[in-house]
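> Show me how the following folds:
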Amino acid sequence: MKVLVADTFEQSGIDGLEAAGCDVQYDPGLEGGSLIEALRRGGAQVLVVRSTPVTEAMLDAGRLSLIVRAGAGVNTIDVGAASRRGIYVSNCPGKNAVAVAELTFALMLALDRRVPDNVAALKSGKWNKKEFSRARGLFGRTLGLIGFGNIGQEVASRARAFGMPVLVWSRRFAGDAGLAREAATQWGVQVLARAEDVVAAADVISIHLALSKDTRGFVNHALLDQVKPDAMLINTARAEVLDHHALAEIVRTRGVRVALDVFANEPAGAEGAFTDPLLSLPTVIGTHHIGASTDQAQEAIAAETVRVITAFVETGRVPNVVNLATRTPATHMLVVRHRDRPGVLAHVFEQLRQAHLNVQETENIIFEGAEAAVARINLDGEPPEATLTAIQSGHQDVLDWQIVKL
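Below is the predicted model:
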């Protein structure tokens, strides 16, 4: 199996892929046209990326079967184009959750204790203990989490150690009171039905939303209008989930303090010139989109990437795949009991083809001794009686059939 790693990746991951028998090409500088050419020339079946965009043109360039995002979000990959071509897209969910949660608290403490201003004053030769001794502290202050996936859960567990009550809003709890109660018990949080109620009650707001069409711009002007004066807001998720113009307004008018690890206009590469109007505001601090960038997180992501690819090589199955249909157009299942002989399924499929029925999913289960099997075939319509008769009478190794309405 040829694997192209087109982004920075841990040596342990490369060693693991090679130990699994993969032919690994490691070229973290590939992007755009150079990546298209590498896929066309090299014939890689698996592509591993982190932040490198994967476009439809890249999918057409070679013979990819699997794309692995060495991280959680897949927003830089044209997942729709991959789905249309039958290319698996997989990721490594939760492996950077601890790292991002740690940065979330680093930013929280930095805002509360004004750590960047402290350091800047000292480095400029100024001592001002009177000014910088003023801080409210985190103990007893309410933390509001917008989103409660792996990262939000890690943040909640650490908030208990700081003595912070935690309020949570997440789409996963919508209409499911039982799931909300289970989360409250497991994580020691209070689940609220509306994001507005979390924002209005919280002293510290931390955003942990995955980027999707439903979450793009979710933290908008209407939601930010509920933020308390002098509250703190932290975003270590995606820049696109937050309306930065509305955020600047509440910073100016209400003294809200903000810490961002993600920005709307980040440079494409690892280094480059950077400006953002938000950073000119005195109560806004930021970091360089480093939430997942700890050695521990990268090693864990590398190990998960190896596990995903190894499973694909050895079994043909893909862990963590994100682009399989949750429900196919299948309306009926044809169950065929047959002798395990060559040509039986070819006969069945030919009869279905003649009836203009499309096979959505199929599974052939072999019984002990490999003398008999049962095929389960999901179809996009109900086979007519003539087709079923032809299936049974047209081949001596077809034993019986059954139709199940899905």
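> count of neighbours near the nearest residue to Q25 once chain neighbours are set aside?
Leaving out its chain neighbours, the residue that sits closest to Q25 by Cβ to Cβ, 6 or more residues apart in numbering is L4, at 5.0 Å. Every C-beta, even on glycine, is put in place using the N, C-alpha and C of the backbone. When neighbours are defined as other Cβ atoms under 10 Å, L4 has 23 of them.
> Just give the strands next to the strand or helix carrying L4 in its sheet, each with its orientation.
Using DSSP states H and E, L4 maps to strand 2-5. Looking at strand 2-5 with DSSP bridges, its partner strands are strand 23-26 (parallel), strand 46-49 (parallel).
> After the first one, which helix or strand is next?
Moving toward the C-terminus from strand 23-26, the next helix or strand (DSSP H and E) is helix 32-42.
> now that following helix, how far from the chain's geometric center?
Distance of helix 32-42 from its chain centroid, counting by Cα atoms, centre = their mean, to the nearest Å, is 25 Å.
> Buried residues, that helix. List them.
Across helix 32-42, burial judged by 16 or more other Cβ atoms under 10 Å covers 35-36, 38-39, 42.
> helices or strands next to the lengthiest helix in the chain in the packing?
For the chain, the helix with the greatest residue count under DSSP state H is helix 295-315. Judged by 3 or more Cβ pairs under 8 Å, 6 or more residues apart in numbering; DSSP states H and E, helix 295-315 is in contact with helix 11-19, strand 46-49, strand 66-69, helix 97-113.
> how does the protein divide up, domain by domain?
2-95+296-315, 97-291, 332-405 (automatic domain parsing).
> Could you dump these into TSV with distance to N323 and mean pLDDT added?
Below are the domains of the chain laid out as TSV (distance: least, Cβ to Cβ, whole Å; pLDDT from 0 to 100):
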stretch	distance to N323	mean pLDDT
domain 2-95+296-315	5	95
domain 97-291	13	94
domain 332-405	15	96
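> Take those and write them to JSON lines, including distance to A325.
Putting these into JSON lines (distance: least, Cβ to Cβ, whole Å) gives the following:
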{"stretch": "domain 2-95+296-315", "distance to A325": "8"}
{"stretch": "domain 97-291", "distance to A325": "17"}
{"stretch": "domain 332-405", "distance to A325": "9"}
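> Indicate which one of these is closest to L324.
Between L324 and the domains of the chain, the shortest separation by Cβ to Cβ is 8.1 Å, and it involves domain 2-95+296-315.
> ok, back up a step: what about the helices and strands packed on helix 295-315, which gets the closest to T287?
helix 97-113 (6.9 Å).
> still on that earlier bit, I'd guessed the residue nearest to Q25 sits against V49; true?
No: counting by Cβ atoms under 8 Å, L4 does not reach V49; the two are 9.1 Å apart.
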